[in-house]
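Peer 1: Need coordinates for the below:
(2 chains)
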Amino acid sequence: MLDWLAYVNHRLSRLPLSEAESLQVREELAAHLEDTHLSPRAQGLSESEAVRLTCDQVSSWQELRRDILSAKLEGFMQNRVSRLWIPGLVTLFSAYVLLALMQFAGLRAMSSHPGEPRGIVLYLPWILSLPLIGAIGAYLSRRAQATGWRVYLAVSFPALVLGAFFLLLFPLALLIDPQVSLPIKATALAAATVNWVILPGFALCLGVALQSLLKMRVPRS
Amino acid sequence: MIRTELKRGTAELAILSVLERQPLHGYEISRRIEQDSAGALRFTLAALYPLLYRMENRGWVRGEWGTSDNGRRRRCYKLLPRGRKMLAPLRAEWADLFRAMRRVAKVNHA
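Peer 2: Here you go, the predicted model:
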């Protein structure tokens, strides 16, 4: 009997998917061909006739390859949007709209060094509300069947955006204001990173744990 | 365009309908559809798997590796709640289409 997996490997040799996914597709197609081949054999057809009928299952392997990739890519894009981008943008928007509203309502930051850029600046009520926003982001991401680090990535999106912004800003700050010394600039960057990246990121990630806890406590109906 | 959509719609409804009864692997799905339609609908491997992968990505079905009755390793597809929800509107669409075709083309049931 023909080795159908070897046959499929030969026909679909370069599927640009992950190794595991590519192997899964090839094994599944090989299994289908194996079953297709057994059926005419069981009905008494000759081996060559059964092989011919089985091979007729695919008129163009090039086309099948294209169709499989198109189906997989559609899923990949959909998954990325629903598991990462939508929860990330909801979290980002909610976090900063809430901060703006709190500032509008008169919230003032607590600062370790008032008037200086190097101190820790803390909007305590805002930081305390971030786990809730993180939990909403985690819910949206998990509802789209995201797991593990992808949930954390989606939820910490606001902190990552600001982190990337600071990284881009720092070399620019070195260039545009030569009077201010490098240690001061570096301290200011470190403080900004703590204030706007690390603390909010940590608070948002606490929301992931909070959402897991709520999920465990609320039984499915 | 219409032809492609029509073909895809037929295939999706057929697959969801057979999976509504029980989880099946790809070959069984094609056999079951062929048997139930008395040979009128036939799915080759090339037609079936891209569609199954698309339906899996949409969360309508889920494929899981297991062992079939004859001891072979097969990927079995199970209907998910989202897929079950799709069945009623798909059936309604097809019922509408048949009614419309009966009126327009005087096509009757056999």
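
Peer 1: Skipping adjacent residues, who's closest to the residue in chain A positioned nearest to chain B in space?
Peer 2: Here chain A gets closest to chain B at one residue, A:Gly75, 2.6 Å apart by CB to the nearest CB. To be clear about C-beta, it is placed using only N, CA and C from the backbone, and glycine gets the same treatment. Nearest non-adjacent residue to A:Gly75, counting by CB to CB, 6 or more residues apart in numbering or on different chains: B:Asn57, 2.6 Å away.

Peer 1: Could you say which helix or strand holds B:Arg75?
Peer 2: strand B:73-79 (DSSP states H and E).

Peer 1: What about A:Arg143, how many residues nearby?
Peer 2: 12 (other CB atoms under 10 Å in any protein chain shown).

Peer 1: So which residues of chain B form helices?
Peer 2: B:2-21, B:26-36, B:45-57, B:81-105 (DSSP state H).

Peer 1: which of those helices is buried the deepest?
Peer 2: With neighbours defined by mean count of other CB atoms under 10 Å in any protein chain shown, none of the helices of chain B is more surrounded on average than helix B:45-57, at a mean of 21.

Peer 1: Quick one: work out the angle between that helix and helix B:81-105.
Peer 2: Angle of helix B:45-57 versus helix B:81-105, following axes from the mean of the first three to the mean of the last three CA atoms, to 10 degrees, is 120 degrees.

Peer 1: for the chain, what are the low-confidence residue spans?
Peer 2: All of this is about chain A. Where chain A drops to pLDDT under 70, the residues are A:1, A:112-119, A:218-221.

Peer 1: oops, chain B please
Peer 2: B:1-8, B:108-110.

Peer 1: what sits against residue 74?
Peer 2: Picking chain A for this. Residues in contact with A:Glu74 (CB atoms under 8 Å, 6 or more residues apart in numbering or on different chains) are B:Arg54, B:Asn57.

Peer 1: switch to chain B, that's the one I care about
Peer 2: A:Ala31, B:His25, B:Gly26, B:Tyr27, B:Trp65, B:Gly66, B:Thr67, B:Ser68.

Peer 1: Got a ChimeraX select line for the buried ones in those residues?
Peer 2: To isolate the buried ones among the contacts of B:Arg74 in ChimeraX, judged by 16 or more other CB atoms under 10 Å in any protein chain shown, type:
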select /A:31 /B:25,26,27,68
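
Peer 1: A:Leu23: which of the contacts of B:Arg74 is nearest?
Peer 2: When those are ranked by distance to A:Leu23 (CB to CB), B:Trp65 comes first, at 11.4 Å.

Peer 1: Dihedrals phi and psi, the closest residue to A:Gly201 other than its chain neighbours?
Peer 2: Spatially, and ignoring its direct neighbours in sequence, A:Gly201 is nearest to A:Ala159 (3.3 Å; CB to CB, 6+ apart). Main-chain dihedrals, A:Ala159, degrees, to the nearest 10: phi -70, psi -40.

Peer 1: quick one: A:Ala159 and A:Val194 touch, right?
Peer 2: No: under the criterion of CB atoms under 8 Å, A:Ala159 is not in contact with A:Val194, lying 11.0 Å apart.

Peer 1: and chain A, which residues reach chain B?
Peer 2: A:24-25, A:27-29, A:31-36, A:39, A:56-60, A:63-64, A:67-68, A:70-72, A:74-76, A:78-79, A:145 (CB under 8 Å from any CB of the partner chain).

Peer 1: that older thread, ok, A:Ala159 and A:Val194, which is more surrounded?
Peer 2: Neighbours were tallied for A:Ala159 and for A:Val194 using other CB under 10 Å; the higher tally belongs to A:Ala159 (24 against 15).

Peer 1: Please list all residues in contact with that one.
Peer 2: A:Trp196, A:Val197, A:Ile198, A:Pro200, A:Gly201, A:Leu204.

Peer 1: Most neighbours out of these, which is it?
Peer 2: Busiest of the contacts of A:Ala159 [other CB under 10 Å] is A:Leu204, holding 29 neighbours.

Peer 1: buried sites along the helix or strand harbouring that one?
Peer 2: Assigned by DSSP H and E, A:Leu204 falls within helix A:199-217. Going by neighbour count (16+ other CB under 10 Å), the buried part of helix A:199-217 is A:Leu199, A:Pro200, A:Gly201, A:Ala203, A:Leu204, A:Cys205, A:Leu206, A:Gly207, A:Val208, A:Leu210, A:Gln211.
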